[in-house]
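[1] Prediction below, plus the sequence it came from.
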Amino acid sequence: MNIKRTKEEIKNTIEAYLEKDGLGAYEIPSIRQRPIFLLGSPGIGKTQIMEQISKECGIALVSYTITHHTRQSAIGLPFISHKQYGGKEYAVTEYTMSEIVGSIYEKMEQTGLNEGILFIDEINCVSETLAPAMLQFLQCKSFGNHKIPEGWVIVAAGNPPEYNKSVREFDVVTMDRVKKIEVEADFGVWKEYAYRQGLHGAVISYLNARKQNFYQMETTVDGRNFATPRGWEDLSDFIRVYEKLGKDVDWEVAAQYIQFPKIAKDFANYLELYYKYQTDYQIDEIFQGRLDEILLKKVAHASFDERLSVLGLILSKVNEAFKQAVQEEWHMERLQACLMEFKAQIKGEAQTAQEMFGGICRKLSCEYEGKKKAELLSREEEAQYRRLLQTMERFAQTLRLEGIAHSESVLLRVQELFALENEAFVRRQEEASKVLEYAFDFLEGAFGSGQEMVMFITELNSNYDSVKFLQGCDCPRYYQYNQELLFDEKRKRLLGRLQEL
């Protein structure tokens, strides 16, 4: 199962486990809720999707790597208590609360969320002393004498034995108490995620050309060589910062993330050419609407790898413009919602209009702080909230500085400020549309409607931001080429079926 389907299955399971009957009891009692056990090779995103799932489901997340724990930290420490049985007092051994269980209660207090995910990573690599407790944990949902609170779904992850010498294979008794999902690396699924996260264009275009290098494991006399999705994403982040600092990423830097020397060297060479083509083909000039006929002929007769690199550069510019446009749209929609709320409240209230506007700003700030405290915001969403708060505060400051107090005057001024924001938004949407048109100008001039155009349309259709932007964009050439692509795919499917007959 690929990571996208795995994520969907985990979300569906959480929804089922947290479903309640008419009396408020869980439809599937906690004791009958099988923990989810993800089994898959390292670096394919098992851990990362848990953060995404908790945010999308609006529930808390407590994450532990169990290999860092001893029996004492997981189960609790013994202590002597005194109890009465049959009129006599006895010394009884009890246990302090498990650190893991205690952290769940702390998370509930910090976030105000009473339902969540307890994620235990590397569960099949526990220490010898802790291993016997895993059956109790998976079956009874408890560490020692302390149960996992109701409403908390257990998800565990582990690597197959061939990837980790410390793995202990679970027996049938244990495996029959979990909901097992085997996870596999899938480049197509990862690429959707890579576009959504804005990974570096060189990484995406390189892997488009060399899909076999997306995930590689090799055992040699010197040890393991490997390239993983996690390594590519971390390398992408590092390249972006190095570009900002004006530093170069050579093969030795790449090898720190892609620990497969042959692939690291190949990528470093590709990255060097990627930068070279950006200058040679005057990519910035293309997006100013200036095309050089000589360069168009040059790229048309270039090697496949070179054409693919140039296409990657074009896609990177287009995707960046679309991402900004989609973020702008979110900003304007939320800003409009705030102002509509202000407009609805402004009549029949005893407060002054300025106080009322300030109240909406405070409400928005509380919403942001609450979600941030509950760890329900991605990095991008945090940035979006901060920008929205800054815009609202700028509006409020303008009202204070101009001394506008009358309700109708305040509303009119707020509408004027919003209109200015909207004008800037429209300009940025138009700029994004121009970027797409310039890309088509270049591709048509260099490749016509050849395979490069097909690849360009295919990549646009696999990117969340481009799909969202194009839904509201009037670009005849995109729709023309997209229809041709769909027709061609349909024709190939029909021919395939005919050959099977």
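    Received it, and whenever you're ready, just let me know what you need. Numbers count the residues shown, from 1 in each chain.

[2] Per-residue pLDDT of residue 62, please?
    pLDDT recorded at residue 62 is 90.

[3] Now do the contacts for residue 218.
    By CB atoms under 8 Å, 6 or more residues apart in numbering, residue 218 lies in contact with 224, 225, 226, 260. Backbone N, C-alpha and C define where each C-beta goes, glycine included.

[4] quick one, strands of the stretch 201-350 of the chain?
    If DSSP state E, counting those that start in this stretch is used as the criterion, the strands of the stretch 201-350 of the chain fall at 216-220, 223-227.

[5] Can you lay out the ones you listed as TSV showing mean pLDDT and distance to residue 104?
    Output for the strands of the stretch 201-350 of the chain, formatted as TSV (pLDDT from 0 to 100; distance: least, CB to CB, whole Å):
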stretch	mean pLDDT	distance to residue 104
strand 216-220	86	35
strand 223-227	88	34
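
[6] most packed of those?
    Of all the strands of the stretch 201-350 of the chain, strand 223-227 has the most neighbours on average by mean count of other CB atoms under 10 Å, namely a mean of 16.

[7] which residues sit against that strand?
    Here strand 223-227 has contacts from 42-43, 213-219, 258-264, using CB under 8 Å, 6+ apart.

[8] Just the C-alphas of that strand, formatted as PDB.
    Provided in PDB are the C-alpha atoms of strand 223-227 (Å, rounded to 0.1, in the frame of the first residue of the first chain):
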ATOM      1  CA  GLY A 223      27.700  -1.600   4.400                       C
ATOM      2  CA  ARG A 224      24.400  -0.200   3.200                       C
ATOM      3  CA  ASN A 225      24.000   2.400   0.500                       C
ATOM      4  CA  PHE A 226      20.600   4.000   0.400                       C
ATOM      5  CA  ALA A 227      18.500   6.900  -1.000                       C
END
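
[9] Now distance to residue 392 too, for the strands of the stretch 201-350 of the chain, in TSV please.
    TSV is the format used below for these (distance: least, CB to CB, whole Å):
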stretch	distance to residue 392
strand 216-220	49
strand 223-227	45
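
[10] Quick check: which of those is nearest to residue 293?
    Shortest distance between residue 293 and the strands of the stretch 201-350 of the chain, using CB to CB, is found for strand 223-227: 39.8 Å.

[11] Now for residue 156, how many residues are close by?
    The tally of other residues near residue 156 (other CB atoms under 10 Å) stands at 25.

[12] list the contacts for it?
    Contact analysis of residue 156 by CB under 8 Å, 6+ apart lists 35, 36, 37, 38, 119, 120, 121, 123, 138, 178.

[13] quick one: the first one and residue 154, what's the gap?
    The one in question is residue 35. From residue 35 across to residue 154, the span is 4 Å (CB to CB, to the nearest Å).

[14] intersection of neighbour lists for those two?
    Contacts common to residue 35 and residue 154, judged by CB under 8 Å, 6+ apart, are 138, 141.

[15] Among the contacts of residue 156, which ones are in strands?
    Mapping those onto strands (DSSP state E) picks out 36, 37, 38, 119, 120, 121.

[16] what's around residue 392, how many residues?
    23.

[17] Helix, strand, or coil at it?
    helix (DSSP: H, G, I helix; E, B strand; the rest coil).

[18] contacting residues for residue 158?
    By CB under 8 Å, 6+ apart, the neighbours of residue 158 are 37, 38, 39, 121, 122, 123, 124, 125, 167.

[19] Need those in JSON lines (columns: distance to residue 477).
    Shown next, in JSON lines, are the contacts of residue 158 (distance: CB to CB, whole Å):
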{"residue": "37", "distance to residue 477": "49"}
{"residue": "38", "distance to residue 477": "43"}
{"residue": "39", "distance to residue 477": "46"}
{"residue": "121", "distance to residue 477": "47"}
{"residue": "122", "distance to residue 477": "50"}
{"residue": "123", "distance to residue 477": "52"}
{"residue": "124", "distance to residue 477": "53"}
{"residue": "125", "distance to residue 477": "54"}
{"residue": "167", "distance to residue 477": "53"}
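
[20] Having no further points to raise, I will conclude here.
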